[in-house]
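okay, sequence plus prediction incoming.
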Amino acid sequence: MATDVISPNIARIYLTERAARKIRELLEKDGISPERGGLRVGVQGGGCSGLSYAMRLDTQARDRDKIFEEHGVRLFVDPKSFLFLNGTTLEYEETLMRQGFVFQNPNAARNCGCGSSFTA
């Protein structure tokens, strides 16, 4: 398998400890091994701003995926999505008004009000 494990000090996606805890919890709930599995994040066309974020649990990396390991959790990103997500921090927010993952994307020229789509 030709995957890239990204070393620190170069282009990457960041993960907060709170987001990592939530991902670990979701992996355990679905019976996915954190040593092989992780959260797949990506970008797809659509949403009110043109591009939308996509996330799902995955049992293993795919060929050509970029793999980011932080706080004991793995993120899988396909090369095309990585162009839009490089430098992004994935956070997990729990407030009275909102609960869920939040993308803090420095590449987004404009975000929609709901935070699930953006323009690059």
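All right, it came through fine. Keep in mind it's a predicted model, so treat the numbers as computed, not measured. Numbers count the residues shown, from 1 in each chain.

contacts, neighbours, all on C-alpha from now
OK.

from residue 56, how far off is the residue sitting furthest away from the middle of the chain?
Farthest-out residue of the chain from its mean C-alpha position, per CA atoms, centre = their mean: residue 96, at 23.3 Å. With distances taken as CA to CA, to the nearest Å, residue 96 is found 24 Å from residue 56.

beta partners of the most centrally placed residue in the chain?
Geometric centre of the chain, nearest residue: residue 41, 3.8 Å, by CA atoms, centre = their mean. Beta-bridge partners of residue 41, counted by DSSP bridges, are residue 55.

contacts only, for it.
53, 54, 55, 56, 75, 76, 77 (CA atoms under 8 Å, 6 or more residues apart in numbering).

please redo it, this time with the cut-off set to 10 Å
Residue 41 is in contact with 13, 53-58, 75-78, 81-82, 85, 90, counting by CA atoms under 10 Å, 6 or more residues apart in numbering.

cool, residue 35 as well?
By CA under 10 Å, 6+ apart, the residues touching residue 35 are 59, 60, 72, 73, 74.

just to check, the fourth one is in contact with residue 19?
Yes - here residue 73 reaches residue 19: they are 9.3 Å apart, a contact under CA atoms under 10 Å.

pLDDT below threshold where in this structure?
1-10, 47-49, 110-120 (pLDDT under 70).

50 instead?
Scanning the chain with the threshold set as pLDDT under 50 gives 1-2, 6-9.

so in it, which helix runs the longest?
When the chain is parsed with DSSP state H, its longest helix is helix 17-29.

next, the buried residues of stretch 40-48.
Of all the residues in stretch 40-48, those buried under the rule 16 or more other CA atoms under 10 Å are 40, 41, 42, 43.

and stretch 25-32, by the same measure?
27, 32.

keeping just the C-alphas, turn that stretch into PDB.
Taking C-alpha atoms only, stretch 25-32 is exported to PDB below (Å, rounded to 0.1, in the frame of the first residue of the first chain):
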ATOM      1  CA  GLU A  25     -15.000   7.200  21.300                       C
ATOM      2  CA  LEU A  26     -16.700   6.800  17.900                       C
ATOM      3  CA  LEU A  27     -14.200   4.200  16.700                       C
ATOM      4  CA  GLU A  28     -14.700   2.100  19.800                       C
ATOM      5  CA  LYS A  29     -18.400   2.300  19.500                       C
ATOM      6  CA  ASP A  30     -18.200   1.000  15.900                       C
ATOM      7  CA  GLY A  31     -15.600  -1.700  16.800                       C
ATOM      8  CA  ILE A  32     -12.900  -0.200  14.600                       C
END
